[in-house]
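Asker: Have a look; sequence and predicted model below, questions after that.
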Amino acid sequence: MLIEHRAYTLRPGNLDAFLTAQTVRGFERVRPIMERLIGYFVTHSGPETQVVHLYNFASYDDWTKRLHGLYDIKELEPYFKTVRPLMLAQENKFLAPAPIVELTPRWGNGNNWLPADRPILGKLGKSATNLVEESTLILTPGALAAYWQAYREHGLAAGSLATTSLLGCFYSLVGRQHQVVHYRSYADYPALRAHRDVLAGNASWREFQRTCAPLVMSADTKVMEPAPLAPMSPLYEGA
């Protein structure tokens, strides 16, 4: 299993145009990658006007076949010409599921949710509030094994608090090394803040953080919401 994290940083004010371009293009021509889509997410905090895509591919060869095959479809050329000028940057990296079963409830260690499966989160729609928190840790070189051990010994001792709302935990294969990324799903900001507060008050979680502190070079968090178009957010039920 290979998780691709793809981030498009858009020119300010171009998010609506980017989303409209997806609808105009349609989704049938890009079915090979939509079959492996986890979701498109739009940042609330962190980089402004950024769209993060997550995909679950079977392998690197699967990724190459599905993605690169799109560039040979002439009917997609107008789409590429429309969306590329909307962007300031495109980045991608490959991730693998964490080697701890409790941290991989959806992808990895025998789990493999795909868009063909039923949605597992809330509903999309104007009245819906759904947030996904992306937390990224950059560890010191060689510290990944020690980080997983600290999780097993102390983090998981926090019980369900450690895994509540967890979509998945991954680590970098290609791109910046010694990187760990957690994704958690929340109904809204109050739920997100409440979970953070409860974790902060848990003795086992505090011990986990204390143990990990010497291993961590930097920490970064983005709060995102699912793209409002159902085909781009298969984790969620349509409105």
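Answerer: Yes, it's here. Being a predicted model, the structure only gives us computed values, none of them experimental.
Asker: Output stretch 197-214 as PDB, restricted to C-alpha atoms.
Answerer: Below are the C-alpha coordinates for stretch 197-214, written out as PDB (Å, rounded to 0.1, in the frame of the first residue of the first chain):
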ATOM      1  CA  ASP A 197      -7.700  19.400  26.100                       C
ATOM      2  CA  VAL A 198      -8.600  15.800  27.200                       C
ATOM      3  CA  LEU A 199      -5.400  14.400  25.700                       C
ATOM      4  CA  ALA A 200      -3.300  17.200  27.400                       C
ATOM      5  CA  GLY A 201      -4.700  16.100  30.700                       C
ATOM      6  CA  ASN A 202      -4.000  12.400  30.400                       C
ATOM      7  CA  ALA A 203      -1.000  11.200  32.300                       C
ATOM      8  CA  SER A 204       0.000   8.500  29.800                       C
ATOM      9  CA  TRP A 205      -0.200  10.900  26.900                       C
ATOM     10  CA  ARG A 206       1.900  13.500  28.700                       C
ATOM     11  CA  GLU A 207       4.500  10.800  29.300                       C
ATOM     12  CA  PHE A 208       4.400   9.900  25.600                       C
ATOM     13  CA  GLN A 209       5.000  13.500  24.700                       C
ATOM     14  CA  ARG A 210       7.800  13.800  27.300                       C
ATOM     15  CA  THR A 211       9.500  10.700  25.900                       C
ATOM     16  CA  CYS A 212       9.100  11.900  22.300                       C
ATOM     17  CA  ALA A 213      10.300  15.500  22.900                       C
ATOM     18  CA  PRO A 214      14.000  14.800  22.300                       C
END
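Asker: what does it contact?
Answerer: 140, 147, 150-151, 153-155, 157-159, 161-162 (C-beta atoms under 8 Å, 6 or more residues apart in numbering). Backbone N, C-alpha and C define where each C-beta goes, glycine included.
Asker: In the residues you listed, find the pair that's most separated.
Answerer: Between any two of the contacts of stretch 197-214, the greatest separation by C-beta to C-beta is 28.1 Å, found for Thr140 and Gly159.
Asker: can you pull out the strands in the chain?
Answerer: Ranges of strands within the chain are 2-10, 37-43, 50-57, 87-97, 107-108, 111-112, 131-139, 166-174, 179-186, 216-226, based on DSSP state E.
Asker: Rebuild those as TSV, extending it with distance to Gly122, mean neighbour count and mean pLDDT.
Answerer: TSV is the format used below for the strands of the chain (distance: least, C-beta to C-beta, whole Å; neighbours: other C-beta atoms under 10 Å; pLDDT from 0 to 100):
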stretch	distance to Gly122	mean neighbour count	mean pLDDT
strand 2-10	22	20	95
strand 37-43	13	22	95
strand 50-57	17	22	96
strand 87-97	23	16	94
strand 107-108	19	23	95
strand 111-112	20	14	94
strand 131-139	10	20	96
strand 166-174	13	20	95
strand 179-186	8	21	96
strand 216-226	9	15	95
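Asker: ok, the contacts of stretch 197-214 vs Tyr186, which is closest?
Answerer: Among those, and counting by C-beta to C-beta, the member closest to Tyr186 is Leu161, at 13.8 Å.
Asker: mind listing what the residue most central in space within the chain touches?
Answerer: With distances taken as C-alpha atoms, centre = their mean, the residue of the chain nearest its centroid is Leu54 (5.2 Å). By C-beta under 8 Å, 6+ apart, the contact set of Leu54 is 3-6, 37-39, 41, 183.
Asker: Could you do Ala58 as well?
Answerer: Going by C-beta under 8 Å, 6+ apart, Ala58 touches 1-2, 36.
Asker: For it, what are phi and psi?
Answerer: phi -70, psi -30 (degrees, to the nearest 10).
Asker: That one and Arg66, how far apart?
Answerer: Separation of Ala58 from Arg66 (C-beta to C-beta, to the nearest Å) stands at 9 Å.
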